[in-house]
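In: sharing a model that was predicted from the sequence below.
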Amino acid sequence: MFRTRPISKAAWLLCAGGTALSAAAQQPAASSSAATLDRVEITGSLIRRIEGESALPVVTLKIDDLAKAGVTNAEQAVKFITQQQGGTVTSGSVSGTNGAASYADLRALGAQRTLVLLNGKRVVANPFSSVAVDLNTLPLSAIERIETLPDGASATYGTDAIAGVINFITRREYQGAEISVQTQAPAGKGGDITTGNLLFGFGDLAGKGWNVYAGVNLRQQKPMLGTDRDFSRTSYVPEQGFNGLSPTTFPANYSQVVNGVTTVANTNPTLPTCAPPTSLFAPQPVVGLGTNRCGADTQAFTRTVPEQDQASIFLRGALALSPNHTASLEYFLSRNIVETQIAPSPESGLTMPITSPYYPGNGITPVTAATLDRTQPISIAWRTTVLGPRAGKQENDTQRLVAGLDGTLGDWDYQASALWSNAKVENYFLNGYPQTVALRNGVSGANGAPFLNPFGEQSAAGLAYLRQNQVLGKVQDGEGTLTSLAASASRAIGRLPGGPISLALGAEFRTEEMVYNTDVPKVSQAASSGLAGSGAVRKGDRDVSAVAAELSLPIVKGLEMGVSVRADKYSDFGDTVNPKLSLRWLPSPMVLLRGSVNTGFTAPTLTQLYAPNATTFTATRYNDPVLCPGGTPAAGAVPSRDCGIQFQRLTGGNAGLQAEESKSWTVGFVLQPAQNFSFGLDYWRYHVKNSISTIGEQSVFADPTKYASLFVRCSQAPADRRAVIGACNVPGGDPLAYIIDTNANLGDVKTEGVDLQANWASGSTAYGRFTASLRGSYVSKFEFQTEPGGRWFNPVGNYNAQWAGPVIRYQQLLTVGWEQGSWSGLLSNRFLKGYRDQNSVPAPFNTNTVGDYSIFDVSVTWRGIKNLTLQAGVLNLLDKDPPFTNQLSRFQARGYDDRFHNPLGRTYQVSAKYTF
């Protein structure tokens with residue numbers, strides 16, 4: 001099923017756009033002594049003759065096989081690539097405004113270092129993050145296979161292909177029609193998936209000289225709440241020492257500071273019962289609350305799986321202008337809509353005067369703190385549950401148009417293309433974002449506002465006031481545009497003892513543009529929006545030109561060397577030249593040795609440079625290191641403002657970034673001791689210099705002395721941001737306004753490990769034909785720095801705070817297939833090795849290990865009626881829950897990590913396809 005296929009050594013893939021070139025290639029000596037010219041194709045089968053292997057291991061996933069394993073979109077597909085490590089997933093948009101994107105991430109080196117292509121050419125990146133192609137935009141209905149080159153490819157595909165390339169390849173032509181439907185229903189509540197595909201085409205390129213086809217795909221996934229699964233139903237798991245409750249709750253917690261002394265710290269009028277299920281009594285310590293306090297359990301509101309609607313159409317037409325020249329036109333349009341939901345807005349820094357009818361002791365709200373001074377105001381930490389959860393919608397419309405011409409001119413094979421790709425993303429607030437100033441007025445009864453009750457039921461006037469003072473509608477949009485002109489040509493230029501020498505030449509010119517628009521007047525009204533303080537308009541653009549060359553040198557029979565070089569010129573980052581050397585040696589028909597070495601270069605993306613600055617909440621609760629060190633309020637502190645809260649975090653671009661550089665190499669072998677069995681190992685190593693990332697909130701708060709310059713106090717904050725940050729509007733001390741967590745050049749990243757593959761096929765037997773395939777990736781080393789020349793950190797098999805997660809040490813995919821007559825079956829197993837947990841919990845619970853994750857999927861397919869294919873299966877056959885983790889950085893995924901583990905549980909799937 002999932003297997004390695006060789007890239008023909010005739011496949012010269014040059015230019016940043018992935019322009020494919022044809023060249024002369026030496027056929028395996030065991031097959032033929034004659035040299036032939038091959039077109040650019042990645043071909044092969046489950047068991048390949050050793051001569052078919054290339055110097056670069058390419059993993060091929062066939063869409064038909066992926067469908068049997070339950071794959072319904074590109075995000076799910078890349079999880080079957082064992083070199084893929086976590087990355088950005090769609091569920092992450094539940095807690096952010098990333099354009100509802102999903103990204104590939106080979107080797108854990110980051111999405112910006114993995115190049116994703118469609119038919120060997122670029123697609124515009126998601127403009128909200130612009131680090132990579134959004135997997136949610138790729139038109140799956142027309143995809144035939146996915147090919148992954150997990151090796152540095154800057155010298156052939158483009159300077160940003162440091163970690164490798166994932167190429168989604170559509171059908172070249174199609175005749176006839178097929179319609180298919182699939183549904184997946186989890187045994188538990190929520191998360192159901194329904195898909196529909198239509199593919200139809202006319203004409204025969206070889207026979208009639210033309211072909212036109214279209215593919216349409218529709219996909220919908222229903223949402224799932226955290227409470228829909230036992231393992232994620234609560235943020236409070238005392239038997240594991242896990243307490244993710246929030247100190248901002250409803251009914252509200254309140255504190256009081258008199259003459260700089262804290263007299264009341266986070267008490268609640270509902271103590272000791274609190275108000276379950278959304279406000280829980282916690283006898284264990286809660287960060288910022290202490291013991292025996294009320295904390296908000298946000299899981300009842302949070303969609304751990306967002307609602308998602310995807311639609312795409314892919315069109316392709318090809319026309320043979322003559323026997324030697326073919327013109328083509330290709331277009332796709334996709335729409336991805338994700339609706340998210342998180343807990344009601346947490347509002348801190350609200351001051352209630354003694355004149356409020358809801359002030360404790362004034363007849364409505366009981367007094368639960370004997371030390372309350374009823375002549376002084378109190379500070380409120382209130383979650384506006386009465387408005388319901390915060391709900392948002394993100395829409396991404398992406399399209400691409402490619403006009404191409406390919407053929408032969410004399411001894412040259414050539415390709416030329418013109419490309420235009422555009423993406424527009426819009427971000428909407430649907431519910432639950434109150435206006436900050438209106439809340440302040442309502443709690444204090446100022447400026448004609450009715451008094452609001454943060455401790456209980458609202459009055460009719462108060463409820464109407466809250467509903468009228470929400471921030472709703474479109475708040476932000478972004479647009480990215482990519483244009484490209486590319487051409488390449490190849491031919492044989494001579495001979496060596498091993499065969500003909502092949503030369504390929506290529507060139508490309510492309511432009512990249514991005515623009516962000518933020519409705520500043522609207523978002524500045526809502527501190528909980530995560531967009532307060534954003535700039536109104538941010539723009540960026542660049543031009544890139546490149547030339548490339550490659551030689552195939554068959555030195556002697558069975559020994560071939562590949563030499564390639566690429567020169568890029570950036571309008572904003574200067575010139576770079578990156579070579580690559582590869583070697584392939586067949587000492588015998590049963591043994592292949594291969595290796596490569598290359599350099600890379602990555603300019604900062606336009607988003608990393610120019611994304612608008614915005615303040616959003618930290619993912620985890622922290623203590624102000626000055627006003628609440630170690631969780632103990634200092635002089636001037638207000639516990640509900642300074643202790644154990646989600647502070648503001650300033651994110652955005654950094655125009656002062658420098659480019660990254662890299663070196664990588666691989667060496668490996670493939671053995672074929674029998675016709676139906678092969679085994680291979682490839683050792684790989686990468687070194688990225690001057691890496692671009694953010695320091696991360698956990699690192700900043702873990703060492704406030706080292707990162708003192710990243711803490712911005714209210715007295716230092718710009719007036720426009722200070723006005724919407726609740727902490728800056730509560731008297732007492734100089735509270736923390738926000739931390740700075742924008743992009744920076746942090747230092748180096750090094751990683752190395754081994755990829756393995758094994759393939760077996762039985763041939764025909766009385767019981768059918770059996771196949772088996774094993775693919776695995778082992779990371780022996782991964783280390784990184786958070787500053788140039790600084791300390792090295794190791795996240796391999798270990799949740800690392802600076803990395804905000806682990807690097808999985810070992811993962812594998814094992815598949816067993818069976819075919820007999822009209823029946824076939826597939827059993828697959830995906831395995832991820834466990835790791836040491838974050839363990840920011842009290843002893844004796846701070847030694848947790850996240851368990852191994854092993855999932856079995858099974859399916860059966862029947863083709864007993866002409867043109868009809870029926871398939872049924874069970875995903876997660878054994879109904880294995882994600883292993884428990886006490887991490888707090890993924891606040892929408894309490895109890896598990898959504899980057900690695902699927903929360904749906906056992907899922908039943910059925911599908912039908914009819915071909916006309």
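Out: That came through, no problem.
In: how about low-confidence regions in the stretch 451-600 of the chain?
Out: Along the stretch 451-600 of the chain, the model assigns pLDDT under 70 to residues 527-536.
In: can you list the residue ranges for helices in it?
Out: 460-468, 520-523 (DSSP state H, counting those that start in this stretch).
In: the chain too?
Out: 63-68, 74-78, 436-444, 460-468, 520-523, 606-610, 639-642, 697-702, 719-722 (DSSP state H).
In: tell me the most buried of those helices?
Out: helix 639-642 (a mean of 32; mean count of other Cβ atoms under 10 Å). In short, each C-beta sits where N, CA and C put it, glycine included.
In: surely Arg233 touches Met224?
Out: No. Counting by Cβ atoms under 8 Å, Arg233 does not reach Met224; the two are 11.4 Å apart.
In: so which of those two has more stuff around it?
Out: Comparing Arg233 with Met224 by other Cβ atoms under 10 Å, the one with more neighbours is Met224, at 25 against 18.
In: the biggest strand by length in the chain - contacts with which helices or strands?
Out: Determined from DSSP state E, the single longest strand within the chain is strand 473-496. Judged by 3 or more Cβ pairs under 8 Å, 6 or more residues apart in numbering; DSSP states H and E, strand 473-496 is in contact with strand 12-14, strand 19-21, strand 23-25, strand 121-122, strand 412-431, strand 499-518, helix 520-523, strand 537-556.
In: check which residues of that strand are buried.
Out: Neighbour-count burial for strand 473-496 flags 475-492, 496 (criterion: 16 or more other Cβ atoms under 10 Å).
In: now swap in stretch 171-190 and tell me
Out: 171, 173-174, 178, 180, 182, 184-186, 188, 190.
In: okay, how far is it across it, tip to tip?
Out: 34 Å (Cα to Cα, to the nearest Å).
In: what do you get for stretch 172-180?
Out: Span of stretch 172-180 from end to end, Cα to Cα: 20 Å.
In: touching that stretch from outside, list them.
Out: Contacts to stretch 172-180, defined as Cβ atoms under 8 Å, 6 or more residues apart in numbering, come from residues 195-205, 211, 213, 316, 318, 911-916.
In: mind redoing it with 7 Å?
Out: The contact list for stretch 172-180, computed with Cβ atoms under 7 Å, 6 or more residues apart in numbering, reads 197-202, 204-205, 211, 213, 318, 911-916.
In: need the mean per-residue confidence for it.
Out: Throughout stretch 172-180, pLDDT has a mean value of 95.
In: could you export the helices of the stretch 451-600 of the chain as a markdown table, including distance to Asp575?
Out: Below are the helices of the stretch 451-600 of the chain laid out as a markdown table (distance: least, Cβ to Cβ, whole Å):
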| stretch | distance to Asp575 |
| --- | --- |
| helix 460-468 | 58 |
| helix 520-523 | 38 |
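In: so which of these comes closest to Leu245?
Out: helix 460-468 (23.9 Å; Cβ to Cβ).
In: kindly export that closest one (C-alpha atoms) in CSV.
Out: Extracted in CSV, the C-alpha atoms of helix 460-468 (Å, rounded to 0.1, in the frame of the first residue of the first chain):
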residue,chain,number,x,y,z
ALA,A,460,-33.4,42.4,31.9
ALA,A,461,-31.7,45.7,31.4
GLY,A,462,-28.2,44.3,32.1
LEU,A,463,-28.8,41.4,29.7
ALA,A,464,-30.0,43.7,26.9
TYR,A,465,-27.0,46.0,27.6
LEU,A,466,-24.5,43.1,27.3
ARG,A,467,-26.0,41.8,24.1
GLN,A,468,-26.0,45.2,22.5
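In: now that helix against strand 412-431, angle please.
Out: Counting by axes from the mean of the first three to the mean of the last three Cα atoms, to 10 degrees, helix 460-468 lies at 170 degrees to strand 412-431.
In: and the contacts of helix 460-468?
Out: 384, 386-387, 434, 442, 449-453, 458.
In: go again with 6 Å.
Out: The contact list for helix 460-468 (Cβ atoms under 6 Å, 6 or more residues apart in numbering) reads 387, 450, 452.
In: kindly reformat those as a markdown table containing distance to Arg894 and neighbour count.
Out: Below are these laid out as a markdown table (distance: Cβ to Cβ, whole Å; neighbours: other Cβ atoms under 10 Å):
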| residue | distance to Arg894 | neighbour count |
| --- | --- | --- |
| Leu387 | 22 | 19 |
| Pro450 | 35 | 17 |
| Leu452 | 29 | 30 |
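In: just the closest of the residues you listed to Met352, please.
Out: Leu452 (9.1 Å).
In: from Arg374, how far out is the closest one?
Out: From Leu452 across to Arg374, the span is 19 Å (Cβ to Cβ, to the nearest Å).
In: for Thr302, same thing?
Out: 37 Å.
In: look at the two and report which has more neighbours.
Out: Thr302 (26 against 12).
In: let me have the contacts of helix 460-468 in a markdown table, extended by distance to Trp792.
Out: Putting these into a markdown table (distance: Cβ to Cβ, whole Å) gives the following:
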| residue | distance to Trp792 |
| --- | --- |
| Leu387 | 47 |
| Pro450 | 58 |
| Leu452 | 51 |
